[in-house]
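here is my input, please return the structure:
(one chain, ligands or ions: 1)
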Amino acid sequence: METKEPRKELQVSAIENGTVIDHIAAKSLFQVLKLLHLENYENQILFGTNLDSKKYGKKGIIKVAGKYFKMEEINKIALVAPTATFIVIKDYHVHEKTKVEIPDEIYQIVKCFNPNCITNHERIPTRFHVIDKKDLKLQCRYCEKITEREDMVFI
Ligand SMILES: [Zn+2]
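Next comes the predicted model:
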């Protein structure tokens, strides 16, 4: 019997049903876990980081058993992991793949950069219009100030 090459994806074990989030930049892995609120999730979660990726250098991967994500949850990840792919697994097989896309509107997940903004003083959820998807510039719906990528603080 010949020895088979170990399959790369088995660096982190397979799941029967659930979601695999692949091609996350290694530095963003824990941010993605946080944005998806996976710290409170009770089913099995497997993750790996600093895995070799031909396309992206070092990548992270997350496998969440028994969970599928809504489009809005998938897209909010685009802010921290623009290269991520969501893969729906059913019965150990790839059922569907979705690439993240930066949405036109961002709700709640980012703080407004302007210290005087009402969202930083009252219990009002932040809301932004994305005015530049490439360089990531978010315009606040309340104070109209622009929060840029380097100033982004996640709630
Ligand atoms: Zn604001």
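
how distant is the helix or strand of the chain with the lowest mean pLDDT from the center of its chain?
Ranked by mean pLDDT, DSSP states H and E, the weakest helix or strand in the chain is helix 71-76, scoring a mean of 86. Relative to the centre of its chain, helix 71-76 is centred 8 Å away, using CA atoms, centre = their mean, to the nearest Å.

stretch 118-127 too?
23 Å.

how close does the residue nearest in space to the middle of the chain get to Ile109?
Geometric centre of the chain, nearest residue: Ile77, 2.7 Å, by CA atoms, centre = their mean. In this view, Ile77 and Ile109 are 10 Å apart by CB to CB, to the nearest Å. Where you see a C-beta, it was placed from the backbone N, CA and C, and this is true even at glycine.

how about Val64, secondary structure?
strand (DSSP: H, G, I helix; E, B strand; the rest coil).

that one and Glu16 touch, don't they?
No - look at Val64 against Glu16 with CB atoms under 8 Å: they stay out of range, at 11.9 Å.

the more surrounded of those two?
Val64 (23 against 12; other CB atoms under 10 Å).

list the residues that contact that one.
Ile15, Gly18, Thr19, Val20, Ile21, Leu36, Leu38, Tyr41, Asn43, Gln44, Ile45 (CB atoms under 8 Å, 6 or more residues apart in numbering).

partner residues bridging it?
Under DSSP bridges, the beta-bridge partners of Val64 are Thr19, Ile45.

what distance do you get for it to Val100?
For Val64, the distance to Val100 - CB to CB - is 15 Å.
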